[in-house]
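Chemist: sequence isn't available, so here's the structure alone:
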């Protein structure tokens, strides 16, 4: 029941060791890679020790003070090692109270499946901790995905808000095969290659031929079909149909115009074309605050994904990320961020994770 | 039934005048302030003329061509006067089809209440038109509000998305008396002024005294009360309670620390303090992607507003604005943007407008 401070670890005497180990506390080797403590002791992370102190299951001897450390003193001590100890502790406590065993590491926490503990089964998730006021760079998300792959664990982002509530997010890269819909691809390939003349209205393109207009709209859900059977296409839709040889226009000239009208045109078009090539149907996601909403096929009535195209240099404020994910969840869609990396198109899903 | 092009207006012969006027088309004086056309004619805006041509109720004589203008020719002609004619026309058509009389002006449209028309009653709204790809500066919103006040009309923002759908937003500045809740103000005034000592955990403040912790949480909904009856306060909550003399800390030192930890601290605190002074209860709006959610009183269980603090130099991408408004709507709250203008705090509501 008594522990002793030792840098960023708390060392317990051997007599008490077993009870803590059984409940998943302590590590044979500290996270900073130091050697295991002498055989008959166990060392606790600061978050573990603070939780045991707060719940009255541990006292920490302070030789200078000659009495047990208060929780307040322990917090202030811990802050010297971990400036974000407050957020770390809130996450640790939240997960412990939900019945999980958590192993705090220097940067990330390891989370074990419910009912298991270190040694019994490998950890399934690793958790990176943020506060609501912090920013999250897209590059950091991509690095997290890389780390997850190397560690063979699933990454979780924990955000501690100003009310000390914790929200968990899962982050997953969609597999290369995502969205491969042969059926819609064939429908598109079957469109008559008429090279139909069009009119350009700044950021809209009009297809005047009513037969083609109806055909494009009905077989592959292009554009907005007016009562008068004219088709109003967005710039990305028109650019794709020009590339496919369905509409007549000079590709380069059209692209140059579109890029002048919409400074995001090139990145939006790159992702739009990739999605169409995969056989899914992207339409504007404006009403949901995203670039695209995506239908798995042209006959579907409910779009299943929201896709927002971002440069890799983008930095999220965490409330902005929360807003996007929450909105998508509210309309029963997955929030997906799309990135262009040279020739590669990457799709990263971020969703609320219930633990 | 025949009109003649005349710059950015289409002039009709007197014989046809009455029928159009009765349906709310045409103006006695063009929007650019030119004098009324000779008595026995009427002039139509390009949007009006295009709508009448598209619905087969007007032909426009083209002397050079020797035949009636096609709709395509009229569109291309109109684009020379209005680069955003496409968006303007889609909004005009959408409103006309909903049974409204609309008077296109050089920059904004005037919208008349259903069933009335120019001359009969004054216009109630004026509409500014954007495309989804455009940006909207906060300064432009504030100017719109000023203009609305001068014109004694309500402003509406119409956004044409990439699918040619139109979404309408109302924009309203909340009156100075907004949120004046005497009851909660008194509750706060009644808090014991204990100048209780606190601990600072980077971006959280702990109140250790359990009686004060419970009192602050229960009477005025401050912080997060843990099972152990400790109160975890956010930086803005703590700063406000320090100012009010409830907690002991050096105001300036605390403010300096908070501003280091959270670069948005000062603007968030300014609005937080103003909201508390008004007697409403702000809590973090993180889960909704905003700085604050606001309860009209401390005993309310449903927050009614989301508040996001923005610098006046902020520029919205329209999808970002749509996302905020849509999310708030989905959780039955009003989306409010807060601005700090010197000593003045301004609250601007933006909501979806059903027309």
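Modeler: The structure has been received and is ready for your questions. This one's a predicted model, so the numbers in the text were calculated from it and none came from an experiment.
Chemist: what parts of the stretch 101-250 of chain A come near chain B?
Modeler: A:131-133, A:159, A:161-165, A:167, A:199, A:201-204, A:206, A:208, A:223-224, A:228, A:232, A:234-237 (C-beta under 8 Å from any C-beta of the partner chain). Yep, even glycine has a C-beta here, placed from its N, CA and C like the rest.
Chemist: buried subset of the residues you listed?
Modeler: Burial of these was assessed by neighbour count (16 or more other C-beta atoms under 10 Å in any protein chain shown); the buried members are A:131-133, A:159, A:161-165, A:167, A:199, A:201-204, A:206, A:208, A:223-224, A:232, A:234-237.
Chemist: from the opening residue of stretch A:290-303 to its closing one, how far?
Modeler: 13 Å (C-alpha to C-alpha, to the nearest Å).
Chemist: how distant is that stretch from the center of its chain?
Modeler: A distance of 21 Å separates the C-alpha centroid of stretch A:290-303 from that of its chain, computed with C-alpha atoms, centre = their mean, to the nearest Å.
Chemist: pLDDT of it, averaged?
Modeler: Averaging pLDDT along stretch A:290-303 yields 89.
Chemist: and that stretch, what's buried?
Modeler: Of all the residues in stretch A:290-303, those buried under the rule 16+ other C-beta under 10 Å are A:290-296, A:298, A:303.
Chemist: of those residues, which are in range of chain B?
Modeler: Of the residues in the buried residues of stretch A:290-303, proximity to chain B by C-beta under 8 Å from any C-beta holds for A:290-291.
Chemist: residues contacting the residue nearest to residue A:263 when sequence neighbours are not counted?
Modeler: Using C-beta to C-beta, 6 or more residues apart in numbering or on different chains and skipping residues adjacent in sequence, the residue nearest residue A:263 is residue B:133, 8.0 Å away. The contact partners of residue B:133, by C-beta atoms under 8 Å, 6 or more residues apart in numbering or on different chains, come to A:203, A:261-265, B:162, B:318.
Chemist: right, is stretch A:312-330 up against chain B?
Modeler: Yes: taking C-beta under 8 Å from any C-beta as the criterion, stretch A:312-330 and chain B are in contact, through A:318-324, A:326-327, A:330.
Chemist: all strands of the stretch 101-250 of chain A, in order?
Modeler: Listed in chain order, the strands of the stretch 101-250 of chain A (DSSP state E, counting those that start in this stretch) span A:102-104, A:109-111, A:125-131, A:135-137, A:154-160, A:166-173, A:198-201, A:204-207, A:224-225, A:231-234.
Chemist: now the angle from the third one to strand A:166-173?
Modeler: With axes from the mean of the first three to the mean of the last three C-alpha atoms, to 10 degrees defining the directions, strand A:125-131 sits at 120 degrees from strand A:166-173.
Chemist: how far does strand A:125-131 sit from its chain's centre?
Modeler: Centre to centre, stretch against its chain (C-alpha atoms, centre = their mean), the figure for strand A:125-131 is 12 Å.
Chemist: how far off strand A:154-160 does it point, in degrees?
Modeler: For strand A:125-131 and strand A:154-160, the angle between their directions (the same axes, to 10 degrees) works out to 30 degrees.
Chemist: mean confidence for strand A:125-131?
Modeler: If you average the pLDDT over strand A:125-131, you get 96.
Chemist: show me what that strand is packed against.
Modeler: Applying 3 or more C-beta pairs under 8 Å, 6 or more residues apart in numbering or on different chains; DSSP states H and E, one finds that strand A:125-131 contacts helix A:85-97, strand A:109-111, helix A:138-151, strand A:154-160.
Chemist: give the buried residues for it.
Modeler: Of the residues in strand A:125-131, those with enough neighbours to count as buried (16+ other C-beta under 10 Å) are A:125-131.
Chemist: and residue A:186, how far from chain B?
Modeler: To chain B, residue A:186 is 24 Å away according to C-beta to the nearest C-beta, to the nearest Å.
Chemist: what's the burial count for that residue?
Modeler: A total of 10 residues lie near residue A:186 under the criterion other C-beta atoms under 10 Å in any protein chain shown.
Chemist: could you measure from it over to residue A:298?
Modeler: Residue A:186 sits 11 Å away from residue A:298, taking C-beta to C-beta, to the nearest Å as the criterion.
Chemist: how about residue A:173?
Modeler: From residue A:173 over to residue A:298 (counting by C-beta to C-beta), the distance is 26 Å.
Chemist: and whatever residue of the stretch 1-150 of chain A ends up closest to chain B, what's its pLDDT?
Modeler: Among all residues of the stretch 1-150 of chain A, residue A:86 sits closest to chain B, at 3.4 Å; criterion: C-beta to the nearest C-beta. The predicted local confidence for residue A:86 comes out at a pLDDT of 95.
Chemist: from memory it sits against residue B:200, does it?
Modeler: No: no contact is recorded between residue A:86 and residue B:200 when judged using C-beta atoms under 8 Å, the distance being 9.1 Å.
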